[in-house]
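Colleague: Here is my input, please return the structure:
(4 chains)
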2 protein chains.
Amino acid sequence: MRQRHNRLTVVKELIKSNRIDNQDALLDMLKTEGFTVTQATLSRDLKMLKVGKISDGWSGYYYALPDNDLISESEKSYIQDVRRGILSIEFSGNFGVIKTRPGHANSVGIALDVLALPEILGTLAGDDTIFVILREGMNKEDLQESFKTRIPEIEE
Amino acid sequence: MRQRHNRLTVVKELIKSNRIDNQDALLDMLKTEGFTVTQATLSRDLKMLKVGKISDGWSGYYYALPDNDLISESEKSYIQDVRRGILSIEFSGNFGVIKTRPGHANSVGIALDVLALPEILGTLAGDDTIFVILREGMNKEDLQESFKTRIPEIEE
DNA sequence: GTATAAAACGTATAAATATCCAATTATATA
DNA sequence: TATATAATTGGATATTTATACGTTTTATAC
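Modeller: From the prediction side, this is the model:
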């Protein structure tokens, strides 16, 4: 076990670069990638990745990543801003404190705003510190999960 | 029978303005709208409308119209401007004269510019009157057709 | 270490959706 | 008008997807 995270990455990649009509097909592709799981697990994976099923504009349907998983060029540069500036993040209840390199708080804060992570209600940036207010019902783990997928290189 | 077209319109409208999780729910809504059909028919309707099922970003899924059926929010507000202000439109050759409620000519004119209807070359707005110059080769009927699709509530 | 809790997963099954087939109604054509 | 063809639909069923539940694994606390 202990392969869920890797598998999710592969699933995402497969969906991004192939036209996949149903879970059985995806299951086969996953197997050739070395992940043998059941349809039940895959169904859960897709839900976790928020994968949708949309029309091809003709006569069929295929899986598609949610809009915000398709990284635009501008988004990439914001992700770079975050990576470049961020040093640590700690939580206290519904608040988080991000430490950044001196002078980077602003650019990281703006980037976080633009990235619009669903867990973040708002940010307030000083010089090397950002206050993050989590949305009602969200917690540290939710945000970390979101970080992992949206800003992949920062893996705890 | 002979109600498919109307039904499709209603289905589309329902999907646009409600969060609908599955076909049974939609079936109920359709019934209250006066269309009693089976799930099989509805399934076909959805395919025909190219409706997709996408994540709400949290834990569920709902039906959504394809992108090109969705009017952007900003566009909506311009459409509202037109609806709110416009009173009549008449033509003389390549010119049109739109009458608006007093003071509304400007907002309607700006909205028409933003909507960028292909038939319109330019507009000139006073207080309650707008001059519209049609593009070479375009006529009254072309513009009316465009109005119908882009500003649906104004049906001649 | 052990105990306990949480996460991940498979099996079986339920729920949701799509389609095959036959019947009916509309539309085109001779 | 009669006939052929296409469109629309429902019932039954197949296919696809989601989930309840139990088990095993992994993480956490002691």
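Colleague: Now tell me which helix or strand of chain A has the poorest mean pLDDT.
Modeller: Lowest mean confidence among the helices and strands of chain A (mean pLDDT, DSSP states H and E): helix A:73-85, at a mean of 73.
Colleague: what about whichever helix or strand comes after that helix, near DNA strand D?
Modeller: The element immediately downstream of helix A:73-85 (helix or strand, assigned by DSSP states H and E) is strand A:86-92. No. Judged by C-beta under 7 Å from any atom of the strand, strand A:86-92 and DNA strand D are separated, with a smallest distance of 14.3 Å. Using the backbone N, CA and C atoms, a C-beta is placed for each residue, glycine as well.
Colleague: so what strands line up beside strand A:86-92?
Modeller: strand A:95-100 (antiparallel) (DSSP bridges).
Colleague: in the helix or strand following the strand it pairs with, what's buried?
Modeller: Per DSSP H and E, the first helix or strand lying C-terminal to strand A:95-100 is helix A:105-115. Across helix A:105-115, burial judged by 16 or more other C-beta atoms under 10 Å in any protein chain shown covers A:105-109, A:111-112, A:115.
Colleague: now, among the residues you listed, which is nearest to chain B?
Modeller: For the buried residues of helix A:105-115, the minimum distance to chain B (C-beta to the nearest C-beta) is 13.4 Å, reached by A:L115.
Colleague: for the closest one, what are its contacts?
Modeller: By C-beta atoms under 8 Å, 6 or more residues apart in numbering or on different chains, the residues touching A:L115 are A:75, A:78-79, A:82, A:150-151.
Colleague: Can you tell me which residues in chain A are near DNA strand D?
Modeller: So chain A meets DNA strand D at A:1-2, A:21-24, A:39-40, A:43-44, A:46-47, A:53 (C-beta under 7 Å from any atom of the strand).
Colleague: Show me where chain A dips below the pLDDT cut-off.
Modeller: For chain A, the stretches flagged by pLDDT under 70 are A:1-2, A:68-77, A:148-149, A:152-156.
Colleague: Which strand or helix spans the residue of it most remote from its centre?
Modeller: Most distant residue from the mean C-alpha position of chain A: A:S59, 30.4 Å away (C-alpha atoms, centre = their mean). Following DSSP H and E, there is no helix or strand that holds A:S59.
Colleague: Pull the contacting residues for it.
Modeller: Counting by C-beta under 8 Å, 6+ apart, A:S59 has contacts B:K47.
Colleague: again with A:F35
Modeller: A:3, A:6-7, A:10.
Colleague: how far does stretch A:110-120 stretch from start to finish?
Modeller: 12 Å (C-alpha to C-alpha, to the nearest Å).
Colleague: Can you verify my assumption that A:I120 contacts A:G109?
Modeller: No. Between A:I120 and A:G109 there is no contact under C-beta atoms under 8 Å: 10.2 Å.
Colleague: and chain A, which of its residues are near DNA strand C?
Modeller: Counting by C-beta under 7 Å from any atom of the strand, chain A sits next to DNA strand C at A:1, A:3-4, A:7, A:36-41, A:61, A:141.
Colleague: which of those count as buried?
Modeller: A:7, A:37, A:61.
Colleague: and the first one, that's in a strand?
Modeller: Spelled out, it's A:R7. No. A:R7 is assigned helix when assessed by DSSP: H, G, I helix; E, B strand; the rest coil, not a strand.
Colleague: Not counting sequence-adjacent ones, nearest residue to it?
Modeller: A:F35 (4.8 Å; C-beta to C-beta, 6 or more residues apart in numbering or on different chains).
Colleague: same thing with the second one?
Modeller: In space, not counting the residues next to it along the chain, A:V37 is nearest to A:L30; the distance is 6.7 Å by C-beta to C-beta, 6+ apart.
Colleague: Equivalent analysis for A:I79, please.
Modeller: In space, A:I79 is closest to A:I151, 5.4 Å off (C-beta to C-beta, 6+ apart).
Colleague: for the one you found, what are its contacts?
Modeller: A:79, A:82-83, A:115.
Colleague: first to last residue in stretch A:83-94, what's the distance?
Modeller: 23 Å.
Colleague: Report the buried residues of it.
Modeller: A:85-86, A:89.
Colleague: Name the residues of the helix or strand harbouring A:Y63 that are buried.
Modeller: According to DSSP H and E, A:Y63 maps onto strand A:61-64. By neighbour count with 16+ other C-beta under 10 Å, strand A:61-64 contains the buried residues A:61-64.
Colleague: Just the ones in helices from the residues of chain A next to DNA strand C, please.
Modeller: Of the residues of chain A next to DNA strand C, the ones assigned to helices by DSSP state H are A:4, A:7, A:39-41, A:141.
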